[in-house]
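Trainee: need coordinates for the following:
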Amino acid sequence: MNLLEIKNLTKQYGAETLALSDVNFSVKEGEFISVIGPSGAGKSTLLRCINRMIDATSGEVIFDGVNVYDLDKKELRKLRTKIGMIFQHYNLVNRLTVIENVLHGRLGYKSTLAGILGRYSEEEKRQAFEIIEILGLSHQVYKRCDQLSGGQKQRVGIARALIQNPKMLLCDEPIASLDPNVSKVIMDHLKNISTKLGITCLVNLHQVDVAMNYSDRIIGINNGKVVYNGPPNLTPEQIYMIYGSEAGELIMDLGGKNAS
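Mentor: The predicted structure is shown next:
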């Protein structure tokens, strides 16, 4: 069953910039899909149009049977509780502790007053501690987030998304700022979340080798258009189709990694 359907999605900025052009694809429940393409291809715009952090110019986003673009503010807020978002630069409140940041993932379920007062149930707190433990952050629970490493911050971001009890995670370059070893830890967590919890993951990535290793399917975007939608075992020709002039270096990198 399709959890997400993107139909003729277009996003125009001003008269000159067409960030997305007539994008169409669907995502099944529990699928792990990587979206790859050169910088400026429209990957981040795509994710932000799905949860309406930015509004598309035209087209439809059907999530869990509902057209996201038909919703008013209140309905959209409710729908977003089912869509967790993980950011490249974490988007944490650095002066707050790990547990406080994770509990912020429940704000979509609260009244404005309860959110301001930080009123969380014992069940919500128990769930937060459980997720923190799964992500290997038990020793950091009461640390301020500005005292954490990049990899630890990203795991807090994942925990904050998971406590929403989402059906889907949108991950915007979740490992772009991290070294390869830490990147592997983050990607392993995301893959486990998809496999064991059945949560659908749509992940923007720069790293072609990572996309090929972890994905059920790859969507390639260039110039705001979907140019590839298929299995993760990309050929050099398909990499050229997605990346154009940048492809040569990527293929050489892949060759080195495969040989090592």
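
Trainee: packing partners of the longest helix anywhere in the chain?
Mentor: Selection of the longest helix in the chain by residue count, based on DSSP state H, yields helix 180-197. Contacts defined by 3 or more C-beta pairs under 8 Å, 6 or more residues apart in numbering; DSSP states H and E place helix 180-197 against strand 32-36, helix 150-162, strand 168-172, strand 200-204, helix 208-214. In this view, the C-beta of every residue, glycine as well, is placed from N, C-alpha and C.

Trainee: for those, give me a markdown table that also has distance to K110 and mean pLDDT.
Mentor: Shown next, in a markdown table, are these (distance: least, C-beta to C-beta, whole Å; pLDDT from 0 to 100):
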| stretch | distance to K110 | mean pLDDT |
| --- | --- | --- |
| strand 32-36 | 30 | 97 |
| helix 150-162 | 14 | 95 |
| strand 168-172 | 21 | 96 |
| strand 200-204 | 25 | 97 |
| helix 208-214 | 34 | 94 |
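
Trainee: now those in TSV, with mean neighbour count and distance to T97?
Mentor: Formatted as TSV, the helices and strands packed on helix 180-197 follow (neighbours: other C-beta atoms under 10 Å; distance: least, C-beta to C-beta, whole Å):
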stretch	mean neighbour count	distance to T97
strand 32-36	24	31
helix 150-162	24	10
strand 168-172	24	23
strand 200-204	24	27
helix 208-214	19	30
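
Trainee: picking that back up, the longest helix of the chain versus strand 200-204: what angle between them?
Mentor: 160 degrees (axes from the mean of the first three to the mean of the last three C-alpha atoms, to 10 degrees).

Trainee: got a list of contacts for helix 180-197?
Mentor: Here helix 180-197 makes contact (C-beta atoms under 8 Å, 6 or more residues apart in numbering) with 30-32, 135, 149-151, 154-155, 158, 162, 169, 171, 174-175, 178, 199-201, 203, 207, 210, 213-214.

Trainee: tell me the strands beside the strand or helix carrying G220, with direction?
Mentor: Taking DSSP states H and E as the criterion, G220 maps to strand 217-222. Strand pairing for strand 217-222, using DSSP bridges, gives strand 32-36 (parallel), strand 225-230 (antiparallel).

Trainee: what mean pLDDT does it have?
Mentor: What strand 217-222 shows for mean pLDDT is 97.

Trainee: ok, now stretch 10-28?
Mentor: Confidence for stretch 10-28, expressed as mean pLDDT, is 92.

Trainee: how about it: buried residues?
Mentor: Residues of stretch 10-28 classed as buried by neighbour count (16 or more other C-beta atoms under 10 Å): 10-11, 18-21, 23, 25, 27.

Trainee: same question, stretch 220-237
Mentor: Using 16+ other C-beta under 10 Å as the test for burial, stretch 220-237 gives 220-222, 224-228, 232, 234.

Trainee: max pairwise distance over these: which two?
Mentor: G224 and P232 (22.2 Å; C-beta to C-beta).

Trainee: if we can go back for a sec, closest to T81 out of the buried residues of stretch 10-28?
Mentor: V27 (18.4 Å).
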